[in-house]
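Chemist: Please find the sequence and the predicted model below.
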Amino acid sequence: MGRKFFVGGNWKCNGTTEEVKKIVSTLNDAQVPSSDVVEVVVSPPYVFLPLVKSSLRPDFHVAAQNCWVKKGGAFTGEVSAEMLVNLGIPWVILGHSERRSLLNESNELVGDKVAYALSQGLKVIACVGETLEQREAGSTTEVVAAQTKAIAARVSNWADVVLAYEPVWAIGTGKVASPAQAQEVHFELRKWLHANTSPEVAATTRIIYGGSVNGANCKELAAKPDVDGFLVGGASLKPEFIDIIKSAEVKKSA
Ligand SMILES: O=C(CO)COP(=O)(O)O
C-alpha cells in the first residue's frame, strides 16, 4: 500500500528575503530520513518561490499557497496555475481555512480550484477542517465530508492529491488536536473516500494533519495509523521543523 509520509511547511504570509535564506540554509544542512521515507514540501509566499526553488536542496519541493481558479488573464492580483507550472513549482495548497474564512472561498470554489490546478499538472494539498462551533455542535464529520465532497466531485485522479485535515480551532492557537481526535477524523475521511471514490483511493491517499503541530507533539500524532504526515504552520519557520520531518521514522518502525 505504502502511503509515503508527507510533511508540508506552510509559511503563510511571513518572511523577508534574509529570513527565507536562513530557513532554506537550515533545511539544506539538516540530516533527515531519505526521500523514500518522507516527502517534504515547503510553501513560501509567492514572491519568494523562485528564490526558494533555486536554493532549496533537490530532495525537498516547493508549493504555492494558492492559485487562481481558471486560466490566467484579466484577474488583477491573482497568480495562475499555468504560471506556477511555468516556474517549475510542483505543488499548490488549496482551500486553506484562512482563505475559506477571510476571503470567503466556498467549498465549490475550492473544488473548482483543485480541478483546474490538477488539469494543469500541479499536485494539490487540499485542506478541510471544522470550526470550534461546528465541533461543539457535533457536526465535524458532516462538515469535513461536505468539504471533501466538493473536491471529490471535481477530481478523477487522486494520485496527485494530499488531503489535509486542519481543524480551525487548532490553527495557530497552540491547541493541538489530541492524537485520538486527529485519528478519529482521519479515519472518517478515509471511510468517506472508501464509500464515495474507491477502496484504492481510500487506501492510497495521504491524509495529513495540520494545527499547532510542533517538535514535541509530532511523534505521538505520527504514530496514529491514519495520520500520514503534517501540514505545519508556525513551527515550519523554525528549526524544529526538522524534528517534525524526522517523525516519519515513527511510521517506518511501526
Ligand atoms: O494552518 C496551518 C498549516 O496550514 C497550521 O498552522 P499552525 O501550525 O501555525 O497552527
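Modeler: Happy to help now that I have it.

Chemist: The one helix or strand A63 maps to vs the ligand: in contact?
Modeler: Assigning secondary structure by DSSP states H and E places A63 in strand 60-64. No: using C-beta under 6 Å from any ligand atom, we find that strand 60-64 stays clear of the ligand, coming within 10.5 Å at best. Bear in mind the C-beta positions are built from the backbone N, C-alpha and C, glycine included.

Chemist: Identify each buried residue in whichever helix or strand comes after that strand, please.
Modeler: Downstream of strand 60-64, the next assigned helix or strand under DSSP H and E is helix 81-86. Buried positions in helix 81-86, judged by neighbour count with 16 or more other C-beta atoms under 10 Å: A81, E82, M83, L84, V85.

Chemist: I'd like the distance between the nearest residue to the third one once chain neighbours are set aside and L109.
Modeler: Using C-beta to C-beta, 6 or more residues apart in numbering and skipping the chain neighbours, the partner closest in space to M83 is G72 (6.5 Å). Taking C-beta to C-beta, to the nearest Å as the measure, G72 falls 17 Å from L109.

Chemist: Contacts only, for the closest residue to W68 other than its chain neighbours.
Modeler: Excluding its sequence neighbours, the residue lying closest to W68 (C-beta to C-beta, 6+ apart) is E78, at 4.1 Å. Going by C-beta atoms under 8 Å, 6 or more residues apart in numbering, E78 touches C67, W68, G72.

Chemist: what do you get for L118?
Modeler: Here L118 is in contact with V124, V155, N157, D160, V161 (C-beta under 8 Å, 6+ apart).

Chemist: Throw together a ChimeraX command that grabs the buried residues out of those.
Modeler: Buried residues among the contacts of L118 (16+ other C-beta under 10 Å), as a ChimeraX selection:
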select :124,155,161
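
Chemist: just the contacts of L118 now: which is nearest N196?
Modeler: Nearest to N196 out of the contacts of L118 is V155 (C-beta to C-beta; 11.1 Å).

Chemist: That closest one contacts A117, correct?
Modeler: No: look at V155 against A117 with C-beta atoms under 8 Å: they stay out of range, at 10.2 Å.
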